[in-house]
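Q: Let's see this in three dimensions:
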Amino acid sequence: MENVYFYEMEEWYSETHKTWNKVAQRYEEKFMDLELYNDSYQRFCDELSRPDASLLEIGCGPGNITRQLLKRNPKLNILATDVSKNMIDLAKKNNPGIEVQVLDGRNLKSIKNKFDGIISGFTIPYLSKSDSQKLLRDCTRLLNEEGVLYLSFVDGDYGQSGFVSGSSGDRTYFYYHQLETIKQTLEENNMNTVEVFKKAYQRSDENAEWHTILILKKI
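A: This next block holds a predicted model:
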């Protein structure tokens with residue numbers, strides 16, 4: 001039974017990754033200039049220990065967060081990663097000076113360097129509970145002392161996770177995660193919470209969805 005579930009989950013991941021590759025251009029058009037999270041990006045930058053900090057971005061999409069960070073500090077050294085080749089191409093186009101790499105967030109063991117900061121903007125909503133917990137532990141391993149972690153997700157009942165469809169009909173498998181569970185995992189791995197942001201994101205169907213942003217520092 002466990003093997004059947006694992007096979008199904010891999011199929012969900014495969015469909016989700018194909019969707020991200022397909023909708024990359026539309027995602028860029030929708031989110032490149034979104035200002036909703038700008039104060040959280042500023043807080044993340046304020047917590048970094050040095051102006052030329054080294055950053056790892058997991059799930060960079062078309063480079064929208066990357067661009068906001070570089071607007072605040074052009075000296076940042078950023079390695080931007082994403083599972084989608086099309087997203088990576090857009091991230092490089094939108095931020096020519098950064099380093100990019102196609103990378104699945106479930107496979108961070110291939111990253112050997114350590115970083116002053118890690119940004120994971122809405123990546124774990126597309127990872128299962130076990131894979132998101134692994135990503136969190138990997139992030140703490142990859143951070144230097146006093147390194148800063150930026151994490152965003154939708155706080156909710158994991159049991160309500162499932163496929164969601166966009167306007168094109170393409171599907172992604174969306175996971176809800178509980179804030180307190182995530183905080184507990186990170187605090188058990190030597191991370192202190194700096195600030196929690198709650199943002200009301202207005203969806204196209206006119207229903208607001210509450211987004212959670214968590215900023216932590218390694219001790």
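Q: Show me where the protein has its strands.
A: For the chain, the strands defined by DSSP state E cover 54-58, 77-82, 99-102, 115-121, 143-153, 162-165, 171-174, 191-202, 208-218.
Q: unless I'm mixing things up, Ser40 is touching Ile213, no?
A: Yes. With contact defined as CB atoms under 8 Å, Ser40 and Ile213 form a contacting pair (4.6 Å). Bear in mind the C-beta positions are built from the backbone N, C-alpha and C, glycine included.
Q: Surely Ile88 and Cys60 touch.
A: Yes. Ile88 is within contact range of Cys60, at 7.4 Å (criterion: CB under 8 Å).
Q: what's the overlap in contacts for those two?
A: Both Ile88 and Cys60 are contacted by 80-82, 100, under the criterion CB atoms under 8 Å, 6 or more residues apart in numbering.
Q: ranking the residues you listed by neighbours, who comes first?
A: Asp82 (29 neighbours; other CB atoms under 10 Å).
Q: any idea how far Cys60 is from it?
A: Look at Asp82 and Cys60: by CB to CB, to the nearest Å, they are 5 Å apart.
Q: joint contacts of the two?
A: Applying CB under 8 Å, 6+ apart, one finds that Asp82 and Cys60 are jointly contacted by 88, 91.
Q: Count the neighbours of Ala53 for me.
A: As a burial measure, Ala53 scores 21 neighbours (other CB under 10 Å).
Q: mean confidence for the longest helix along the chain?
A: Taking residue count as the measure and DSSP state H as the definition, the longest helix of the chain comes out as helix 2-22. Helix 2-22 shows a mean pLDDT of 86.
Q: same thing with stretch 127-142?
A: Predicted confidence along stretch 127-142 averages 97 (mean pLDDT).
Q: Buried residues in it, which are they?
A: 127-128, 131-136, 138-140, 142 (16 or more other CB atoms under 10 Å).
Q: Just send the residues you listed back as a markdown table, with distance to Leu34 too.
A: Formatted as a markdown table, the entries for the buried residues of stretch 127-142 read as follows, by distance: CB to CB, whole Å:
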| residue | distance to Leu34 |
| --- | --- |
| Leu127 | 22 |
| Ser128 | 27 |
| Asp131 | 26 |
| Ser132 | 23 |
| Gln133 | 28 |
| Lys134 | 29 |
| Leu135 | 23 |
| Leu136 | 25 |
| Asp138 | 27 |
| Cys139 | 24 |
| Thr140 | 28 |
| Leu142 | 27 |
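Q: Gly59 and Gly147, how far apart?
A: Summarising the geometry, the distance separating Gly59 from Gly147, computed by CB to CB, is 18 Å.
Q: Great, nothing more from me.
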